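Q: Quick one: sequence and predicted model below, then my questions.
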Amino acid sequence: MKIKDRILSFCLVLLMIMAAAISVNKSVFGIDVANHSERQTEASVSNPVSEDENGTVVIHTKDLPGTKTGYAGPVPLDIYIVNGKITDIKALPNAETPSFFERASGLFPLWIGKTVAEADTLKVDAVSGATYSSNAIIDNVKAGLAEYEGADIHSSASVPLKIWIALVVTLAACILPLFVRNKVYHTIQMIANVIVLGFWAGQFLDYSLILKYTSSGFSMPVILVAVPMLVAAFIYPMFGHPQHYCNHICPLGSAQQLMGEISGFKFRMSPKLIKGLDWFRRILWAFLMLLLWTDCLVEWMDLELFQAFMFESASWGIIITASVFVALSTVVSRPYCRFVCPTGSLFKRSENIG
C-alpha cells in the first residue's frame, strides 16, 4: 500500500475518533463543543478562589496546578469552605464512567465537616473498584486545600519511578524490534511488557484513553509513555511496520504471545472459521463505533480486557474473561487480538487492513 493511502486511512480513523470524542465527551482537543462560549468565559477567570456575600469561599480545582485526571479525563471539583471548615464538595461534569465515579464520590463525606487543617492531615484511601476516579478526587481535594492555604504545590508534580521505567520499556519495544530479530530478546521484551507496562505501571492504549487524549489532550506524566505508544500504533504502519504496537508493546498481546509459546500444540482452524471470526471482529467493531457516535451504552469501553492488569480495581468478570483468553492462547494464537479486540480493530482500520 502506498504511503498516501496509509495517510488517508489514518486521517479517516482520526475523524472517526474525533466524532466519538465530541459525541461522548462533548469536547475535542480541549475545546468544549457543547458550550464553547461558556468555557471561554470560565477560562478567562484567573482566580481559582471565589467568595460570595455570605462569606462562603469556593475553591475551583478546574485549572489548579497539581491536580490529577481520572481514567477518562479531568475530574474538576468545587470545594466550599465556611469559617475555615469544609461544608461541601461538588463534582463538576466529567467523562468518568458514572457507576465508577458514583462509587468514588463516596469519599466526599470524609472531608465535609472537617477544618482545613484537619483535612490536610486526613489519610484517605482510594475506593476499590474505582481507583483512578478516587485517586483523582483525593489529589484534587489536596490541591484545592493547598490553594486555599496559599501553599506552593508546583514542586509536588514529580514523575513516579514506575513511569520512567515504563518509558524505557516502551522505547525499547518501539526501537529494538526494528533492528533485532532474536527470539530470546523478544521473549524478554514480552515479559517486560506484561510485568512493567501491564501489572506495575498500568500503561497501555485502549478506547477510553484514546478518547481522553482526543478530548482533553495529554497531561504529565502520562504523556511520556502515551506518545511513543500512539506513534507505534498509528505512525509506524505508514512506514512499513504494520501492527507494531499490537505485536511488540501491548501487554495483553504480549501475555497471549508468551502463553502461546508454552504449548507446542495449536488447534487447527479452517480458513472458513478464521474468516468467519474475523468478520465477527469487524462487525463488532463497527457496532461499538456506532454506539460511541450515538452516545449510547458507551460504558462498553470499560469492559476492554486491558483493565484486568489493574486487578485491584477491575471487576471479577473482566479478570476472569481476560484469564480465559490468555489460557486459550496456549492452543489458539492470540485469540483476543485476532478476533475480538476493539482497540486492535481501530489500529487495523487505520492501516486499512480490517
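A: Happy to help now that I have it.

Q: So the closest residue to Lys114 other than its chain neighbours: helix, strand or coil?
A: Distances taken as Cβ to Cβ, 6 or more residues apart in numbering put Ile86 closest to Lys114, at 5.6 Å, once the chain neighbours are dropped. (Glycine included, C-beta is placed from N, CA and C.) Following DSSP: H, G, I helix; E, B strand; the rest coil, we place Ile86 in the strand state.

Q: And the one 3 residues further on, by the same measure?
A: Using three-state DSSP, the three-state assignment for Ile89 comes out as strand.

Q: which residues does the residue positioned nearest the centre of the chain contact?
A: With distances taken as Cα atoms, centre = their mean, Leu209 lies nearest the centre of the chain, 3.1 Å away. Counting by Cβ atoms under 8 Å, 6 or more residues apart in numbering, Leu209 makes contact with Tyr71, Ala226.

Q: do the same with Ala130
A: Phe100, Phe101, Arg103, Ala104, Ser313.

Q: switch the cut-off to 10 Å
A: Residues in contact with Ala130 (Cβ atoms under 10 Å, 6 or more residues apart in numbering) are 70-71, 96-97, 99-107, 136-137, 313.

Q: ok, so of those residues, who is nearest Leu303?
A: Nearest to Leu303 out of the contacts of Ala130 is Thr97 (Cβ to Cβ; 10.2 Å).

Q: Let me know whether that closest one touches Leu297 as I believe.
A: No. Checked against Cβ atoms under 10 Å, the pair Thr97 and Leu297 is beyond contact range at 11.6 Å.

Q: More neighbours: those two, which one.
A: Thr97 (20 against 10; other Cβ atoms under 10 Å).

Q: Following element in sequence after the helix or strand of the chain with the lowest mean pLDDT, please.
A: Comparing every helix and strand of the chain by mean pLDDT, DSSP states H and E singles out helix 36-43 as the least confident one, with a mean of 44. Using DSSP states H and E, the helix or strand that follows helix 36-43 towards the C-terminus is strand 49-51.

Q: Need the residues that contact that next one.
A: 56-60, 64, 78-79, 81, 144, 147-148, 150.

Q: how does it look with 7 Å?
A: Here strand 49-51 makes contact (Cβ atoms under 7 Å, 6 or more residues apart in numbering) with Val57, Val58, Ile59, Glu147, Tyr148.

Q: Skipping its backbone neighbours, what lies nearest Pro48 in space?
A: His60 (4.9 Å).

Q: doesn't Asp78 make contact with the one you found?
A: Yes. His60 lies in contact with Asp78 (Cβ atoms under 7 Å); the separation is 5.7 Å.

Q: The two: which is more packed in?
A: His60 (19 against 16).

Q: Distance check, the more buried one against Gln243.
A: 44 Å (Cβ to Cβ, to the nearest Å).

Q: again with Val75
A: Taking Cβ to Cβ, one finds Val75 at 34 Å from Gln243.

Q: Who has more neighbours out of these two?
A: More crowded of Val75 and Gln243, by other Cβ under 10 Å: Val75, with 27 against 20.

Q: show me what contacts the closest residue in space to that one that isn't next to it in sequence?
A: Sequence neighbours aside, Ala136 is the residue nearest to Val75 in space, at 4.1 Å (criterion: Cβ to Cβ, 6+ apart). Going by Cβ under 7 Å, 6+ apart, Ala136 touches Lys68, Thr69, Gly70, Val75.

Q: Ala136 and Tyr148, how far apart?
A: In this view, Ala136 and Tyr148 are 19 Å apart by Cβ to Cβ.

Q: Repeat that for Gln256.
A: Distance, Gln256 to Tyr148, by Cβ to Cβ: 49 Å.

Q: These two - which one has more neighbours?
A: Set Gln256 next to Tyr148 and count neighbours by other Cβ under 10 Å: Gln256 wins out with 27 against 20.

Q: Leu328 is in contact with that one, correct?
A: No. Assessed by Cβ under 7 Å, Gln256 is found out of contact with Leu328, at 8.4 Å.

Q: which parts of stretch 184-194 are buried?
A: His186, Gln189, Met190, Ala192, Asn193, Val194 (16 or more other Cβ atoms under 10 Å).

Q: quick one, what contacts Thr330?
A: So Thr330 contacts Met259, Gly260, Ile262, Ser263 (Cβ under 7 Å, 6+ apart).

Q: which residues does the third one contact?
A: Translated: Ile262. Per Cβ under 7 Å, 6+ apart, neighbours of Ile262: Thr330.
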